[in-house]
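Q: Sequence and predicted model, in that order:
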Amino acid sequence: MERGTERVSEADAMKQVIVVGVDRSARSRPAVEWAAREAVLRDLPLCVVHVAPPGGPDAPRPETVAAALAVDRCPTVAVESVRLTGEPGAVLLERGVDAAMTVLGLRGEGRRTGLTPGSTARVVAGSARCPVVLVPAGPAPRLPAGPTRPPLRPPAGRPYQVLAAVDADDPADGAVDFAFDTARLHGARLHALYAGPPPLRAPGPAGRATSAARHAARAERELLLLTRALRHWREKYPAVRVFEDVVLLDPARALIRASHHADLMVVGRGGRGGLGPVAYAVARHTACPLAVVPA
């Protein structure tokens with residue numbers, strides 16, 4: 001293992017760190033910049049990690065370049081750069097065992113882009129013991145075909161907003177707490193969104209009226225459940241402004257659409273490991289950074 005250390009004090013060394021994994025592509029830059037800002041906000045040191053294959057070339061050194069970028073963007077950040085060898089997913093999982101979070105670019109080097117089955121981002125987000133933040137690079141991917149209107153971009157100067165996917169019946173405690181705490185640190189509004197399939201629609205004019213009534217009743221019931229589910233965190237984080245929202249739509253599509261109005265989306269990950277179908281679909285199409293938080 002080779003290590004280059006810049007501006008890391010003994011006090012910083014005793015803290016949890018934010019780990020950001022980088023490769024040789026420019027797609028790592030948004031992840032590094034996001035991680036550096038978050039490290040300063042949370043008063044945590046930043047560890048920039050590049051995992052090279054055994055016997056790979058010694059240059060260029062993307063971890064050194066990325067560490068310099070972090071300092072350039074956030075001059076007060078405490079940062080170290082680390083070069084390791086091995087399989088990237090396994091190495092980053094080990095490195096992140098005691099980390100506050102691990103940050104990765106969603107689309108790394110190579111011809112294939114996105115969250116492919118064997119990609120480092122998918123492996124780490126699906127198995128890490130700490131929250132994993134996946135940062136997209138460039139424009140948001142095109143939405144899959146389906147009956148939804150194109151999302152609108154948020155207006156310039158809009159305050160920071162955290163979007164949390166919340167199951168009103170069984171909220172993921174770790175994810176909800178991470179979302180509230182992040183909103184607190186940023187002085188942000190928290191958009192707590194429950195999304196679920198709408199009631200079945202009955203045929204004919206009379207059926208449409210009945211379906212509308214069922215839809216309204218279901219939305220009201222789910223909103224009540226959501227309010228009850230969040231009561232503990234509202235009391236724990238009284239300064240956080242919360243917008244409780246129920247959308248009766250396919251959960252993945254609802255979250256992807258909402259991501260265009262958010263600065264960070266937070267989803268939970270089940271105890272069995274791996275990304276579930278909703279989290280996987282959201283990761284492939286999100287317009288904002290996505291935090292995957294283990295149970």
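A: Cool, got the structure.
Q: going forward, measure contacts between C-alpha atoms and count neighbours the same way
A: OK.
Q: most residues in a single helix of this structure, which one?
A: helix 204-236 (DSSP state H).
Q: What pairs with the helix or strand following it, parallel or antiparallel?
A: Per DSSP states H and E, helix 204-236 leads on to strand 241-248 as the next helix or strand towards the C-terminus. The strands beside strand 241-248 in its sheet (DSSP bridges) come out as strand 189-196 (parallel).
Q: gap between the strand it pairs with and the chain center?
A: 14 Å (Cα atoms, centre = their mean, to the nearest Å).
Q: Kindly provide the distance from residue 76 to residue 175.
A: 28 Å (Cα to Cα, to the nearest Å).
Q: Between these two, point out the one with more neighbours.
A: Taking neighbours as other Cα atoms under 10 Å, residue 76 and residue 175 compare with residue 175 leading, 23 against 15.
Q: Next up, the contacts around that one.
A: Shown in contact with residue 175 (Cα atoms under 8 Å, 6 or more residues apart in numbering): 164, 266-268, 292-295.
Q: Swap in 6 Å and give it another go.
A: Contacts for residue 175 (Cα atoms under 6 Å, 6 or more residues apart in numbering) come out as 268, 293.
Q: count of residues packed around residue 264?
A: There are 25 residues near residue 264, going by other Cα under 10 Å.
Q: do the same with the one 3 residues further on
A: Here the number of neighbours of residue 267 (other Cα under 10 Å) works out to 26.
Q: which residues sit in contact with it?
A: Counting by Cα under 6 Å, 6+ apart, residue 267 has contacts 165, 292.
Q: ok now the longest helix of the chain, how far from the chain's centre?
A: 26 Å.
Q: Next, the angle from it to strand 189-196.
A: Per axes from the mean of the first three to the mean of the last three Cα atoms, to 10 degrees, the angle that helix 204-236 makes with strand 189-196 is 140 degrees.
Q: Buried residues in helix 204-236, which are they?
A: 211, 214-215, 218-219, 222-223, 225-226, 229-230, 233 (16 or more other Cα atoms under 10 Å).
Q: just the helices in the protein please.
A: Under DSSP H, the chain gives helices at 10-13, 29-42, 62-73, 88-95, 120-127, 173-186, 204-236, 251-259, 277-285.
Q: could those go into TSV alongside distance to residue 195 and mean pLDDT?
A: Formatted as TSV, the helices of the chain follow (distance: least, Cα to Cα, whole Å; pLDDT from 0 to 100):
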stretch	distance to residue 195	mean pLDDT
helix 10-13	40	53
helix 29-42	27	96
helix 62-73	36	94
helix 88-95	30	95
helix 120-127	22	93
helix 173-186	15	97
helix 204-236	9	83
helix 251-259	5	95
helix 277-285	11	92
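Q: And those helices: which comes nearest residue 136?
A: Nearest of the helices of the chain to residue 136, taken as Cα to Cα: helix 29-42 at 7.4 Å.
Q: before we move on, back to that, distance to residue 196 added to the helices of the chain, as TSV?
A: Listed next are those as TSV, based on distance: least, Cα to Cα, whole Å:
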stretch	distance to residue 196
helix 10-13	43
helix 29-42	31
helix 62-73	39
helix 88-95	32
helix 120-127	23
helix 173-186	18
helix 204-236	9
helix 251-259	6
helix 277-285	11
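Q: and of those, who's closest to residue 107?
A: helix 120-127 (8.1 Å).
Q: And the closest one, what's buried?
A: So helix 120-127, judged by 16+ other Cα under 10 Å, has buried residues 120-127.
Q: Just give me how far it sits from the chain centre.
A: The answer for helix 120-127 is 12 Å, by Cα atoms, centre = their mean.
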